[in-house]
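Trainee: One predicted model, sequence on top.
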Amino acid sequence: MLFRSGIEFEVNNGIHILCLFNPDTPIQEIESFLNRGGYKSEDYGFEHANKISKWDIFQLLEESKLHDCVVIDAHTDSDKGILKTFNNGLPRAHCLSNPQLSGVCYNSEKQRSLLEETFKNSIEYQREIPLAFLKSSDAHRIVDVGKDITFLQLKSLSFIELKNA
C-alpha cells in the first residue's frame, strides 16, 4: 500500500496544503499534527468556512519537517494557493523556495507554463530540488474525480520513490 493517510490543511491565511504521509506513520501522529494545527477530530473530513487553523504557511512548513511527508501546494494558481494569496515578494518567495515544499498543483497547461517560466526566470524562487508540477481537478464532486491526473514514473511502488519523483 503506497498511501494510507493524506490531508488537505487550510492554514490561517487561506492557503490549502496537501500533506501526504508515509504509510508507516501512525494515525495518532497525524491526528496530533492536525490537533496542534488547530483542528479537532470533529473537523476531520470537512471544509469549514469559519474554521481557522492556528498555523500560517510558514508554521505548517516547519511542523511538516517533524514528519515523513510530502508537502504540496494544493491550488497554486487559484485564490487558495501560494501564488495568488501572496503578492510578489518575500513571503511568496520564501514559501515557493522552501525545500519542505515538494510540489505545486495547477489546473491548465497554460497555467503550468506560466508557473514554470516564473520559477525559472526568477532568482528569488531558485531551489536545489525543483518543484514537481501536478495537474489536479480539485474535485469536490464524485463526477470530477480523475478528471485531471498526473502520472509519475517510479522505480518501485514505494513512498520513498514517490518522494524522489
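Mentor: Alright, I've got the coordinates. Residues are numbered from 1 along each chain as shown.
Trainee: same for the strand or helix carrying S32, what does it pack against?
Mentor: In this structure, S32 sits in helix 27-36 according to DSSP states H and E. Helices and strands touching helix 27-36, by 3 or more C-beta pairs under 8 Å, 6 or more residues apart in numbering; DSSP states H and E, are strand 6-10, strand 16-21. C-betas here are computed from N, CA, C, even on glycine.
Trainee: list the buried ones in it?
Mentor: Applying a neighbour-count criterion of 16 or more other C-beta atoms under 10 Å, one finds 29-30, 33-34 buried in helix 27-36.
Trainee: how much does that helix deviate in direction from strand 6-10?
Mentor: Orientation check (axes from the mean of the first three to the mean of the last three C-alpha atoms, to 10 degrees): helix 27-36 against strand 6-10 gives 0 degrees.
Trainee: could you give the angle of helix 27-36 to strand 16-21?
Mentor: Using the same axes, to 10 degrees: helix 27-36 against strand 16-21 is 160 degrees.
Trainee: who's the residue most central in space within the chain bridged to?
Mentor: For the chain, I72 is the residue whose C-alpha lies nearest the centre (C-alpha atoms, centre = their mean; 2.1 Å). Bridge pairing for I72 (DSSP bridges) gives the partners L18, G103.
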